[in-house]
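Enquirer: the sequence isn't on hand, but the structure is:
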């Protein structure tokens, strides 16, 4: 099993590839992650997205991926009835109509899914790519053994609330306050979302799964669980501030024996 | 005309059921998203042949005529989805002989603030002892690990270290 952890995009992206030994197989996916960071980082003043936000570039002058990402963000904003946002909320964007352009809620999961797709295209159909706690799993860990992804317990370090597993490809994304505090902003009030400790979404591809987790966390449990129930192919596990765990009706299909 | 009668009767039952659920917190955990109500000895809403738009299931005791079911024969009838002030409602009724014995609400408003709705998402089997990560034989971790600094303290980091030779 080839494992590698790459620091990129302000976090660490971890690779696990069972049928590989040579780290060179990761060179392409790693280069792509750094390229996407250079294009989309809002922390880099010279990124296409920063220059677009300042009006120095038009969308047409940016890398073609910028238009693709903006279109994806608009699509998820519509799918989530406005709960996913690529602009900062009014509270922080005061004085700047529409807020600063920030598609970060989409880019990380999408970039990890792209890195995973490159591995698949290179023939490594069994792998996981994990970026900042969001996992894209493809194939299996070993013949007859599906990948097992732990969902971190937001209340107890080194503990899990569940083990997620499935035959074939799946993605797991968790939004929460455990590390960065209340950083997800309700786009409708501009205030931190605080009705959940964490919300985990399981779906086929990490780009949408991650964006849905962000939107659902902002919604809070009352809106998020019915919304996710209605989304085909996606399930959710929520941990409330009192420790209660809630799940969509299809979630048990993904829950593996914990040991 | 029969169909109209059954549909409206079923809808009325659905609304009554919906309202009656409001003060209670009885939506069962880990159930299918179907709310059932055993109506006991409630009279059948359309006792003579409620074929409606539904299907006949279960033991019909050899009776193939929906207009004259044998005593004890069980049929289900699915009403049309109807918009209520709370949202769309659709019910399925079960008739045993000529008696209405069960009402399943197969569609109900998803956008509401009632606690019952949250309860229907409860997963009591998960409310157990937290799982010690070291015993769970996991390959990767999903959680709120966002920054490079946080990564160094994370379970994912431990997994990566264990796997790098």
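Expert: Now that the structure is in, tell me what you want to look at. In this text, all values refer to a predicted model and were calculated from it rather than measured experimentally.
Enquirer: what's around residue A:259, how many residues?
Expert: Counted with other CB atoms under 10 Å in any protein chain shown, residues neighbouring residue A:259 total 9. For the C-beta atoms, the positions are set from N, CA and C on the backbone; glycine is no exception.
Enquirer: again with residue B:149
Expert: Per other CB under 10 Å, the neighbour tally for residue B:149 reads 13.
Enquirer: same question, residue A:12
Expert: When counting by other CB under 10 Å, one arrives at 25 neighbours for residue A:12.
Enquirer: now swap in residue A:60 and tell me
Expert: 8.
Enquirer: OK, contacts around residue A:209?
Expert: Going by CB atoms under 8 Å, 6 or more residues apart in numbering or on different chains, residue A:209 touches A:109, A:134, A:171, A:172, A:173, A:201, A:202, A:203, A:234.
Enquirer: 7 Å instead, please
Expert: In this structure, residue A:209 makes contact with A:109, A:171, A:173, A:201, A:202, A:203, A:234, judged by CB atoms under 7 Å, 6 or more residues apart in numbering or on different chains.
Enquirer: and if you look at residue B:121?
Expert: So residue B:121 contacts A:225, A:246, A:247, A:248 (CB under 7 Å, 6+ apart).
Enquirer: thinking again about what came up before, filter the contacts of residue A:209 down to the buried ones.
Expert: Using 16 or more other CB atoms under 10 Å in any protein chain shown as the burial test, these include A:109, A:171, A:173, A:201, A:202, A:203, A:234 as buried.
Enquirer: could you verify that the fourth one is part of a strand?
Expert: Yes. Using DSSP: H, G, I helix; E, B strand; the rest coil, the secondary structure at residue A:201 is a strand.
Enquirer: for it, which non-adjacent residue is spatially closest?
Expert: Spatially, and ignoring its direct neighbours in sequence, residue A:201 is nearest to residue A:213 (4.2 Å; CB to CB, 6 or more residues apart in numbering or on different chains).
Enquirer: number of nearby residues for that neighbour?
Expert: 33.
Enquirer: and for residue A:144?
Expert: Neighbours around residue A:144, by other CB under 10 Å: 7.
Enquirer: got the confidence number for it?
Expert: We have a pLDDT of 93 for residue A:144.
Enquirer: model confidence score at residue 158, please.
Expert: Looking at chain A here, since you left the chain open. pLDDT recorded at residue A:158 is 86.
Enquirer: not what I meant, chain B
Expert: You'll see residue B:158 listed with a pLDDT of 83.
Enquirer: picking that back up, now flag whichever of the buried ones among the contacts of residue A:209 is closest to chain B.
Expert: residue A:173 (6.5 Å; CB to the nearest CB).
Enquirer: three-state assignment of that closest one?
Expert: What three-state DSSP gives for residue A:173 is strand.
Enquirer: ok, it touching residue A:210?
Expert: Yes. Counting by CB atoms under 7 Å, residue A:210 is a contact partner of residue A:173 at 3.9 Å.
Enquirer: give me the residue ranges of the stretch 1-150 of chain A where confidence is low.
Expert: Counting by pLDDT under 70, the stretch 1-150 of chain A contains low-confidence ranges at A:87-99.
Enquirer: which positions in it make contact with chain B?
Expert: Within reach of chain B by CB under 7 Å from any CB of the partner chain, the stretch 1-150 of chain A has these residues: A:1, A:3, A:5, A:7, A:10-12, A:14, A:16, A:128, A:130, A:132-135, A:141, A:147-150.
Enquirer: circling back to that earlier point, reformat the buried ones among the contacts of residue A:209 as CSV; add distance to residue A:75.
Expert: Listed next are the buried ones among the contacts of residue A:209 as CSV, based on distance: CB to CB, whole Å:
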residue, distance to residue A:75
A:109, 14
A:171, 17
A:173, 17
A:201, 16
A:202, 20
A:203, 15
A:234, 15
